[in-house]
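Undergrad: Quick one: sequence and predicted model below, then my questions.
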Amino acid sequence: MTAVTEAAPGGPGASGASDVPPVIETRGLTKRFRGGQLAVDRLDLTVPAGSVFGFLGPNGSGKTTTIRMLVGLIQPTAGSATLLGRPVPRAAHAVLPQVGALIEGPALYGHLTARDNLVRYDSADPTADPRTRRARVGEALDRVGLTAASGKKAKAYSLGMKQRLGLAAALLRPRRLLVLDEPTNGLDPQGMREIRALVRELAADGTTVFLSSHLLDEIEQVCTHAAVMTRGRLIVQGTVAELAAGTRGRLAVTTPDQGEAARVLKGLGVVDLTVRDDRVSGELPTGEGEPVDPAEVNAALVRAGVRVRSFGVERVSLEDAFVALTGEGFDVAG
Amino acid sequence: MSRADGGTGSGAGTGAAAGTTSGTGAGAGTGVGAEAGVPAVVGGPPGAAGARGPRPWWTLGLFRSELTTTFRRSRTLALLGVLAAVPVLIGIAVKIQTGDGGGMGGGPEGGPAFLTQITNNGLFLVFAALAATLPVFLPMAVGVVAGDAVAGEAHGGTLRYLLVAPAGRTRLLLAKYASTMAFCLVATLVVAASALAVGALLFPLGEVTTISGTRISFGDGLIRALLIAVIVAASLIGLAALGLFVSTLTNSGIAAMAATVGLLITVQILDTIPQLHAIQPYLFPHYWLSFADLLREPVHWDEIVKNLGLQALYAAVFGSAAWARFTAKDITA
């Protein structure tokens, strides 16, 4: 259903392709600021239609600059970018009405009420119908749970409420793409859960969501795809499953017979064995041949008389994958 | 590619047409037309299906939004309050002085124009108040509003959301300039209206003696007063464009306001240095007080026309500069 609706708008640009064209595509996108600082370096990013795309990277890695180039706020130094199949920033006026954005936190008019803030942003869009404005503003406020506080001035709002209001501004109209830069920033755990539910709901409706976040488990929970940037360069992109699979799970055995267990495991081709207290862990063999079934490994251990207290494959979190990729965790890039 | 280029023009037309035919007009070829059907499918609120392509009268919404945003700011209201208070102060001062029985015989040489006539005719308080506020208070208020127009939004971060909406940089700048000019007019009218009210309250009203010595009816005098207010407002157009240009140079609203007001004061000082008489006719405040010529019979239009021409020149030059700067600017705030 969504695939059909997504295919139609591709229309003129990609009539030849059988696939749905990507919602965001950049080729060699580069931004060098006037000071000479290379913020984004030859970025080739592809965001498939209908995905929930997590955009990861340490602070200062060029994520926000990339987002700003995508929505036409910053002129790229080199390279090209297309949004919904149209070149940006040239065709920005045509595509942006279909893009909702939350960039670097919300920005509001403190002297206006929440409702009037949304009215202001909506009247900035020349393609938004003023006749439906009130209804759409009300709906957006309702969607982020701000209806009760909609008459309050924005300066009286807490950070979390501002964040919700910023999100409401992105949802003023039905969008084909939502660009959300740190959408759960400043929210309490309950608010975060609501936002995640909202993102899933929007994605289920066929909206592509491009989500930048520092919270890796958040990305892991909601995203289908992800890309990682450091120092202005894209290191990797793909589905979240692929990324997590990139660093394999470790086999962990708890046993009083560590020596014997290590010997058996080594015999089965398990590498990188470490023994700590009563725990033996290692990486399952990969490469050519059939992958080793952990169940077979366990059976072999038991056959060898190893008393196994616990046995399992520790799932590698996206955070481990991320640290493995960037080699630095979340330190600020210099 | 040619399709993308034609986006603005043809998109507006065909987008609207496709919307009414439930948006299946992808065959029509233009990108905007093809995209028209999507919001309806994604499940928007009723009426969104036809909402593609900018309609001319919808774009006025931004101007209206600019106006309400500007005039609901407490800073703007405070500026207007100060402007409204100036005629009250002048009126009361004149009333007290004449109330002492001293008459207006000796004193008023150093004061603003028209001060002496106020006791005979309250309408002259309008002219006196405009003459008193035009050199400093009015342009300062305009400098604050114009300087804050773009830089203030950049500082608050709201600029990026307006542009992503997408307001369109040229359209946003035009809306900002239009609302700044509207502020010029409102500010001038506030001074005039307050002066008229105070003048009517404290002094008699009646026939108006023009500078040329002839007498015109009170009704004619009122019309002249209104015309003068409009000319005074128009005198501020050049400064408004200058302020808007300064506003596109920085991301700090305060810096832009200070720079604009600083420029205003500098230019006013230059206008008083006799050695600089060669450049003075090109300084935007040079002909400001020419509005008094409207009180002659017949009206002397020379300097008024020069003033308006100069304002138009400033508006063209600094308006273009602001546009060139703003449309090419990287929005990083």
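TA: Arrived safely.

Undergrad: Specify the local secondary structure of residue 58.
TA: You didn't say which chain, so I picked chain A. coil (DSSP: H, G, I helix; E, B strand; the rest coil).

Undergrad: confidence score at it?
TA: pLDDT, A:P58: 80.

Undergrad: That one touches A:T230, doesn't it?
TA: Yes - at 6.2 Å, A:P58 counts as touching A:T230 under the criterion of Cβ atoms under 8 Å. Any C-beta I mention is one placed from the backbone N, CA and C, and that applies to glycine too.

Undergrad: So A:F322 sits against A:L56, correct?
TA: Yes - using Cβ under 8 Å, A:F322 is in contact with A:L56, at 6.2 Å.

Undergrad: out of these two, which sits in the busier spot?
TA: Ranked by neighbour count (other Cβ atoms under 10 Å in any protein chain shown), A:F322 and A:L56 place A:L56 first, with 30 against 26.

Undergrad: Relative to chain B, how far out is that one?
TA: A:L56 sits 22 Å away from chain B, going by Cβ to the nearest Cβ, to the nearest Å.

Undergrad: Over to A:V323?
TA: The value you get for A:V323 to chain B, if Cβ to the nearest Cβ is used, is 29 Å.

Undergrad: ok, how many other residues are close to that residue?
TA: Neighbourhood size, A:V323 [other Cβ under 10 Å]: 15.

Undergrad: Ok, A:T77 next?
TA: Residues lying near A:T77 (other Cβ under 10 Å) number 14.

Undergrad: same check, this time on B:Q280
TA: If you count neighbours by other Cβ under 10 Å, B:Q280 ends up with 16.

Undergrad: what sits against it?
TA: B:L270, B:D271, B:H286 (Cβ atoms under 8 Å, 6 or more residues apart in numbering or on different chains).

Undergrad: from the residues you listed, which is closest to chain A?
TA: Of all the contacts of B:Q280, B:L270 has the smallest distance to chain A: 32.6 Å, by Cβ to the nearest Cβ.

Undergrad: wait, the closest one sits on B:F284?
TA: No - applying Cβ under 8 Å, one finds B:L270 not in contact with B:F284, separated by 10.8 Å.

Undergrad: Those two - which one has more neighbours?
TA: Legend: neighbour count by other Cβ under 10 Å for B:L270 and B:F284, higher for B:F284 (26 against 14).

Undergrad: Let me know the pLDDT of A:T286.
TA: So A:T286 comes in at 65 (pLDDT).

Undergrad: same deal with B:P204?
TA: For B:P204, the model assigns a pLDDT of 90.

Undergrad: Could you confirm it falls within a helix?
TA: No - secondary structure of B:P204, determined by three-state DSSP: coil, with no helix assignment.

Undergrad: What number of residues are in the vicinity of it?
TA: Neighbour count of B:P204, defined by other Cβ under 10 Å: 11.

Undergrad: what about the residue of the stretch 151-300 of chain B found nearest chain A, distance to A:K31?
TA: Proximity of the stretch 151-300 of chain B to chain A (Cβ to the nearest Cβ) peaks at B:G157, 3.0 Å away. In this view, B:G157 and A:K31 are 20 Å apart by Cβ to Cβ, to the nearest Å.

Undergrad: try A:E283
TA: For A:E283 relative to A:K31 (Cβ to Cβ), the value is 39 Å.

Undergrad: Would you mind finding the longest helix in chain A?
TA: helix A:189-204 (DSSP state H).

Undergrad: where does the stretch 201-334 of chain A have low pLDDT?
TA: A:244-249, A:286-291, A:315-321, A:324, A:326-334 (pLDDT under 70).

Undergrad: Revised request: answer the last question for chain B.
TA: B:1-57, B:99-112.

Undergrad: quick one: the strands in it?
TA: B:208-209, B:215-216 (DSSP state E).

Undergrad: just the stretch 151-300 of chain A next, same as before
TA: A:177-181, A:208-212, A:225-230, A:233-239, A:250-254, A:271-276, A:279-283 (DSSP state E, counting those that start in this stretch).

Undergrad: Can you tell me which residues in the stretch 151-300 of chain B are near chain A?
TA: B:156-158, B:160-168, B:171-172 (Cβ under 8 Å from any Cβ of the partner chain).

Undergrad: between the residues you listed, which is nearest A:L141?
TA: B:Y161 (16.2 Å; Cβ to Cβ).

Undergrad: so who does the closest one touch?
TA: A:A101, A:I103, A:A107, A:Y121, A:A124, A:G166, A:A169.

Undergrad: Show me what A:L178 is bridged to.
TA: With DSSP bridges as the criterion, A:L178 is bridged to A:G100, A:V209.

Undergrad: and it, how far is that from A:L187?
TA: 16 Å.

Undergrad: more neighbours, these two?
TA: Between A:L178 and A:L187, A:L178 has the larger neighbour count (other Cβ under 10 Å), namely 23 against 19.

Undergrad: I'd guessed the more buried one sits against A:G100; true?
TA: Yes - A:L178 is within contact range of A:G100, at 4.7 Å (criterion: Cβ under 8 Å).

Undergrad: Pull up the overlap in contacts between those two.
TA: By Cβ under 8 Å, 6+ apart, the residues touching both A:L178 and A:G100 are A:A170, A:L171.

Undergrad: Find the centremost residue of chain B, please.
TA: Note on chain B: the residue nearest the mean C-alpha position is B:M181, at 2.0 Å, using Cα atoms, centre = their mean.

Undergrad: wait, that one sits on B:I237?
TA: Yes - judged on Cβ under 8 Å, B:M181 makes contact with B:I237 at a distance of 6.1 Å.

Undergrad: list the contacts for the residue nearest to the centre of chain B?
TA: For B:M181, the contacting residues are B:A233, B:I237, B:A240, by Cβ under 8 Å, 6+ apart.

Undergrad: Which ones among the contacts of B:Q280 map onto helices?
TA: Per DSSP H, the contacts of B:Q280 map to helices at B:L270.

Undergrad: Let's have the contacts of B:Q280 in TSV, adding distance to B:A229.
TA: Formatted as TSV, the contacts of B:Q280 follow (distance: Cβ to Cβ, whole Å):
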residue	distance to B:A229
B:L270	27
B:D271	23
B:H286	20
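
Undergrad: still on that earlier bit, of the residues of the stretch 151-300 of chain B next to chain A, which qualify as buried by neighbour count?
TA: Among these, those scoring as buried are B:156-158, B:160-168, B:171-172 (criterion: 16 or more other Cβ atoms under 10 Å in any protein chain shown).

Undergrad: re the thing from before, now find how far off-centre the longest helix of chain A is within its chain.
TA: The chain centroid and the centroid of helix A:189-204 are separated by 13 Å under Cα atoms, centre = their mean, to the nearest Å.

Undergrad: got it, and stretch A:170-184?
TA: The chain centroid and the centroid of stretch A:170-184 are separated by 13 Å under Cα atoms, centre = their mean.

Undergrad: got it, and stretch B:266-282?
TA: Here the centre of stretch B:266-282 is set off from its chain's centre by 24 Å, with Cα atoms, centre = their mean.

Undergrad: Kindly check the end-to-end length of that stretch for me.
TA: This stretch, stretch B:266-282, spans 14 Å end to end (Cα to Cα, to the nearest Å).

Undergrad: thinking again about what came up before, ranking the strands of chain B by mean neighbour count, which comes first?
TA: strand B:208-209 (a mean of 20; mean count of other Cβ atoms under 10 Å in any protein chain shown).

Undergrad: For residue 77, give me its contacts.
TA: Using chain A here. By Cβ under 8 Å, 6+ apart, the contact set of A:T77 is A:T30, A:K31, A:R32.

Undergrad: Wait, chain B was what I had in mind.
TA: By Cβ under 8 Å, 6+ apart, B:L77 lies in contact with B:F71.

Undergrad: ok, it to B:V142 distance?
TA: For B:L77 relative to B:V142 (Cβ to Cβ), the value is 15 Å.
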